[in-house]
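**Student:** I'd like to go over a predicted model; first the sequence, then the structure.
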Amino acid sequence: MQQVRVARTLLSTYYAYMLEYRAELLLWALSNSLPFILMGVWIQAAQGGRFGLSPLDFVRYFLAAFVVRQFNVVWVIWEFEKEVVQGKLSNKLLQPLDPVWHHFASHVAERFARLPFIFVLVGLFFALYPGSFWIPNLIQVLEFAVVVAIAFSLRFLIQYTFALFAFWTERASAIEQFWFLIYLFLSGLVAPLEVFPEHVRQIVLWTPFPYMVHFPSAIIIGLPVSFGKGIAVMFAWGAMFYILNRWLWRKGLKHYSGMGA
């Protein structure tokens with residue numbers, strides 16, 4: 001029960017904090033409009049090419065990718081890096097709570113604060129493209145919700161693992177910037193995996209990237225995917241990064257305290 005009260009307190013506190021920046025939240029939501037830009041490119045390409053997807057499929061896919069992107073955006077590496085460099089982590093280490101839960105709660109609270117803007121933007125999209133409107137069935141909605149939650153957790157865990165390198169370097173965020181370049185092309189943000197060559201797609205499906213954007217997007221619009229395999233791959237990568245994360249945390253704390261911080 002104590003853990004539940006702590007979680008409720010953290011979420012309510014950070015939710016109230018996020019509501020103070022509603023204008024910024026709208027700008028953050030709009031800043032993830034890359035899928036809409038690429039949608040126009042792929043619609044034109046689909047009219048003259050053979051990609052296995054119709055122009056309508058591309059419209060719905062990139063709308064779904066936009067929504068997924070709203071839920072799995074993560075910035076923990078920049079916050080944690082600042083805490084370590086400025087010595088602010090020391091105060092949080094005195095609390096009987098792992099500092100990661102402060103970051104995780106702020107991210108989850110931000111999702112709820114951002115939710116109204118997502119509904120408005122999706123409604124505006126359907127008003128502009130009424131022919132793209134569709135209603136997914138209950139199974140698709142439930143699978144989408146589960147996968148989006150896991151994808152966000154995996155994205156958060158990966159970036160937080162990179163953030164722990166801040167114990168040894170002042171530019172841990174450079175790791176994330178390099179990782180994001182790969183993520184951009186292999187996650188499905190730039191193009192759905194259906195347009196990839198078959199042998200490339202089979203390799204990419206064993207990496208964590210497509211399960212953060214393409215996998216949930218394909219589920220909600222009805223593209224054929226292997227739900228069981230996707231969940232298994234996500235948990236496998238999650239387990240590997242969790243082990244690495246805990247090892248880096250223990251080593252990093254020793255280094256941090258050894259520096260006198």
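**Tutor:** Great, that's in hand. Numbering: from 1, shown residues only.

**Student:** Only C-alpha atoms from now on, for both contacts and neighbour counts.
**Tutor:** Noted.

**Student:** which residues of the stretch 1-150 of the chain score low on pLDDT?
**Tutor:** For the stretch 1-150 of the chain, the stretches with pLDDT under 70 are 1-4, 6-7, 10-11, 13-34, 36-38, 40-51.

**Student:** Buried by neighbour count: which residues of the longest helix that the chain contains qualify?
**Tutor:** Across the chain, the longest stretch assigned as helix under DSSP state H is helix 227-258. Within helix 227-258, the residues that count as buried by 16 or more other Cα atoms under 10 Å are 230-231, 233-235, 237-238, 241-242, 245, 248-249, 252, 256.

**Student:** Distance check, the spatially most central residue of the chain against Pro192.
**Tutor:** Centre of the chain computed as the mean C-alpha position; nearest residue by Cα atoms, centre = their mean is Asn72, 2.1 Å away. According to Cα to Cα, to the nearest Å, Asn72 and Pro192 sit 17 Å apart.

**Student:** related to what we said a few turns ago, from what I can see the residue nearest to the centre of the chain touches Ile150, true?
**Tutor:** No: using Cα atoms under 8 Å, Asn72 makes no contact with Ile150, being 9.4 Å away.

**Student:** thinking again about what came up before, for the residue nearest to the centre of the chain, which non-adjacent residue is spatially closest?
**Tutor:** Phe152 (4.5 Å; Cα to Cα, 6 or more residues apart in numbering).

**Student:** next one: Leu193
**Tutor:** Nearest to Leu193 is Arg201, by Cα to Cα, 6+ apart, at 6.4 Å.

**Student:** Does the one you found lie in a helix or a strand, and which?
**Tutor:** Assigned by DSSP states H and E, Arg201 belongs to helix 198-204.

**Student:** Which positions in that helix come out as buried?
**Tutor:** For helix 198-204, a neighbour-count test (16+ other Cα under 10 Å) marks Val204 as buried.

**Student:** Over to stretch 215-226?
**Tutor:** Buried residues in stretch 215-226, counted by 16+ other Cα under 10 Å: 215-221.

**Student:** now, among these, which is nearest to Pro208?
**Tutor:** Relative to Pro208, the closest of the buried residues of stretch 215-226 is Phe215; by Cα to Cα it sits at 10.3 Å.

**Student:** Find the helix or strand that that closest one is a member of.
**Tutor:** helix 214-221.

**Student:** Check which helices and strands that helix sits against.
**Tutor:** helix 55-72, helix 138-163 (3 or more Cα pairs under 8 Å, 6 or more residues apart in numbering; DSSP states H and E).

**Student:** Nearest to Leu115, out of those helices?
**Tutor:** Checking the helices and strands packed on helix 214-221 against Leu115 by Cα to Cα gives helix 55-72 as the closest, at 8.7 Å.

**Student:** Now do the helix or strand following the closest one against helix 138-163: the angle between them, please.
**Tutor:** Next helix or strand after helix 55-72 toward the C-terminus (DSSP H and E): helix 76-85. Inter-element angle recorded for helix 76-85 and helix 138-163: 30 degrees (by axes from the mean of the first three to the mean of the last three Cα atoms, to 10 degrees).

**Student:** How far does helix 76-85 sit from its chain's centre?
**Tutor:** 18 Å (Cα atoms, centre = their mean, to the nearest Å).
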